[in-house]
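>>> below: sequence and its predicted model.
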Amino acid sequence: MRVTALAGDVPAALATALAARGLDAVHAEALAAGGAQVALLLEPLDEADTGPLVREAAAAGVDCHTGDGWAVVVGTLARLGGLARSGASARLPERLSAELGRFLADRQERPEAWRTARRTIALERSCLVGILNVTPDSFSDGGRHFAPGDALAGGRALREAGAAILDVGGESTRPGSAAPDEAEELRRVVPVVRALAGEVGLPVSVDTRRSGVAAAALEAGAEIVNDVSGLAHDPRMTEVVCAAGAGVVIMHMRGDPATMDARATYADAATEVAAELAERRDRALEAGIAREAIVLDPGLGFAKRPEHNFAVLDRLASITALGHPVMVGPSRKRFLGAATGAPVERRDAATAAACVAARIRGARLFRVHDVAAAREALAVADAMLGA
Ligand code: HH2
């Protein structure tokens, strides 16, 4: 007899091994899905809930580690599903089983598409989002597309390079930057959005924290709002997104670009970022934004030091488990310079590498300056992942 390891971290490995040995494909996939090992952190937890949780987890064959106000449960999806049962056969107090059940149901979502105000964007393959900053001061491409004619040429070049979405921003959000006033942001963004939406033929996203700018851009033909504040900056933003049926990127940040660096303190960056993003997502859903319209983004470089960005990238599963497509924006950022020593104008290879790492960890959308380089690297990852 020979022992061969199955690739435990690759969902297809067990299903393929079983199917290759004669099990029918549906049965093999169901067994592989149910057999996947999952670890979940439950917090904050009432003291009164700890006893039943420990007891019922043991009965369900799920490992349970508890501490002051928290628990970690580790088990197969099938066993965790049993633990989360509600109704007459419930094992846990209702408030625990309901939340656990909801989380496991979301986790099963495999979002392969993104609904915007004008279409549905397929996400079976990596989707490249080309950056068009119409700002005089963006950290890597400031000033380049400031005039509308230049922006249009820039948009066409991004399309030729393989971009599927164009992201137009009129405010630099580099650390410590000051925001332009709203009239100035509108002047920069709206004519460019109108020209791109009319003439380039790709979906246009507007990168703004202001509802007034978002509304004007949507009116001018944009169909996605990319809000780096995660809908927290402007209380009217959610309403504007809802009214237009726009796609929305909810990104993680703490504070604002002027203050965020001081708030880059985490005991465990990956779980804290995921929990804070989940809270923002929940608010968006409660306010009526459609589930299929929401993309989540960990906000690389926003209120994060290099080690936090790498931890978040490596543990992107904490965010993909929320059941939405995930976007990442590593392009030319400082944390890549920290790893490579390269200055901002020589970070496109590192950007492509970060995109591939994120793709392997489950990201589907990649916001980059150099679309051609990232696209080529991601084509290899897509082929490997069977997309
Ligand atoms: N990063 C920047 C701006 N917008 N949006 C999303 N969803 N994700 C990101 O990571 C992200 C973003 C910052 O990068 P850039 O636009 O290149 O620079 P600046 O803010 O200086 O214009």
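Okay, I see it.
>>> which SSE is Arg194 in?
helix 182-199 (DSSP states H and E).
>>> would you list every one of the strands in the protein?
37-42, 63-67, 70-76, 113-115, 120-122, 127-133, 165-169, 204-207, 224-227, 247-251, 294-297, 327-328, 365-368 (DSSP state E).
>>> what about the residue nearest to Val134 when sequence neighbours are not counted, neighbour count?
Nearest residue to Val134 in three dimensions, chain neighbours excluded: Arg188, at 4.6 Å (CB to CB, 6 or more residues apart in numbering). From N, CA and C alone the C-beta is placed, and that goes for glycine too. For Arg188, the neighbour count with other CB atoms under 10 Å is 24.
>>> quick one: contacts for Arg188?
Contact analysis of Arg188 by CB atoms under 8 Å, 6 or more residues apart in numbering lists 134-135, 146, 170, 180.
>>> same question, Glu56
Per CB under 8 Å, 6+ apart, neighbours of Glu56: 83, 91-92.
>>> pLDDT score for the closest residue to the ligand within the stretch 1-150 of the chain?
Distances between the stretch 1-150 of the chain and the ligand by CB to the nearest ligand atom are smallest at Ser138, namely 3.2 Å. Note for Ser138: predicted pLDDT of 74.
>>> report the separation between it and Arg188.
11 Å (CB to CB, to the nearest Å).
>>> show me which residues of the chain sit near the ligand.
Residues of the chain lying close to the ligand by CB under 6 Å from any ligand atom are 131, 133, 135, 138-140, 169, 172-174, 207, 226, 228, 249, 251, 297, 299-300, 327, 329, 331, 367.
>>> one step back: what's the pLDDT at the residue nearest to Val134?
Predicted confidence (pLDDT) for Arg188: 93.
>>> what of the one 4 residues further on?
You'll see Val192 listed with a pLDDT of 95.
>>> neighbours of the closest residue to it other than its chain neighbours, just the number please.
Setting aside the residues directly before and after it, Val192 is nearest to Ala151 in space (CB to CB, 6+ apart), at 4.3 Å. Applying other CB under 10 Å, we find 25 other residues in the vicinity of Ala151.
>>> my guess is Ala151 contacts Ala195. True?
Yes: the criterion here is CB atoms under 8 Å, and Ala151 meets it with Ala195 at 7.0 Å.
>>> counting neighbours, what do you get for the residue of the stretch 251-387 of the chain found nearest the ligand?
Residue nearest to the ligand within the stretch 251-387 of the chain (CB to the nearest ligand atom): Gly329, separated by 2.3 Å. For Gly329, the count of nearby residues is 29 (other CB under 10 Å).
>>> I figured it hits Lys304, correct?
No: counting by CB under 8 Å, Gly329 does not reach Lys304; the two are 11.9 Å apart.
>>> so Gly288 touches Ala243, yeah?
No: using CB under 8 Å, Gly288 makes no contact with Ala243, being 9.6 Å away.
>>> mind checking how far Gly329 is from Arg55?
44 Å.
>>> wait, I meant Val134
59 Å.
>>> find the nearest non-adjacent residue to Thr120, please.
In space, Thr120 is closest to Ala113, 5.0 Å off (CB to CB, 6+ apart).
>>> swap in Ala377?
Ala352 (3.8 Å).
>>> quick one: which of Val134 and Arg55 has more around it?
For Val134 versus Arg55, neighbours defined as other CB under 10 Å are more numerous around Val134 (29 against 13).
>>> so the more buried one sits right up against Val168, yeah?
Yes: checked against CB under 8 Å, the pair Val134 and Val168 is within contact range at 6.4 Å.
>>> enumerate every residue touching the closest residue to Lys333 other than its chain neighbours.
Counting by CB to CB, 6+ apart, Lys333 lies nearest to Gly301, which is 4.2 Å off, once chain neighbours are set aside. Each residue near Gly301 by CB under 8 Å, 6+ apart is listed here: 175, 309, 329-330, 333-335.
>>> pLDDT check: weakest of those residues?
Lowest pLDDT among the contacts of Gly301: Pro175, 77.
>>> for the nearest residue in space to that residue that is not next to it in sequence, what are its contacts?
Leaving aside its chain neighbours, Pro175 sits nearest to Asp261 (5.0 Å; criterion: CB to CB, 6+ apart). Taking CB under 8 Å, 6+ apart, we find Asp261 in contact with 175-176, 303.
>>> neighbour-wise, give me the winner out of the residues you listed.
Ala303 (24 neighbours).
>>> that one contacts Ala258, correct?
No: with contact defined as CB under 8 Å, Ala303 does not reach Ala258; the gap is 11.5 Å.
>>> nearest spatial neighbour of the residue of the stretch 1-150 of the chain closest to the ligand, chain-adjacent residues omitted?
Ser172 (4.6 Å).
>>> distance of that neighbour from Glu185?
For Ser172, the distance to Glu185 - CB to CB - is 11 Å.
>>> and these two? which has more neighbours close in?
Between Ser172 and Glu185, counted using other CB under 10 Å, Glu185 has the larger neighbour count: 24 against 20.
>>> quick one, grab the pLDDT at the more buried one.
In this prediction Glu185 is given a pLDDT of 94.
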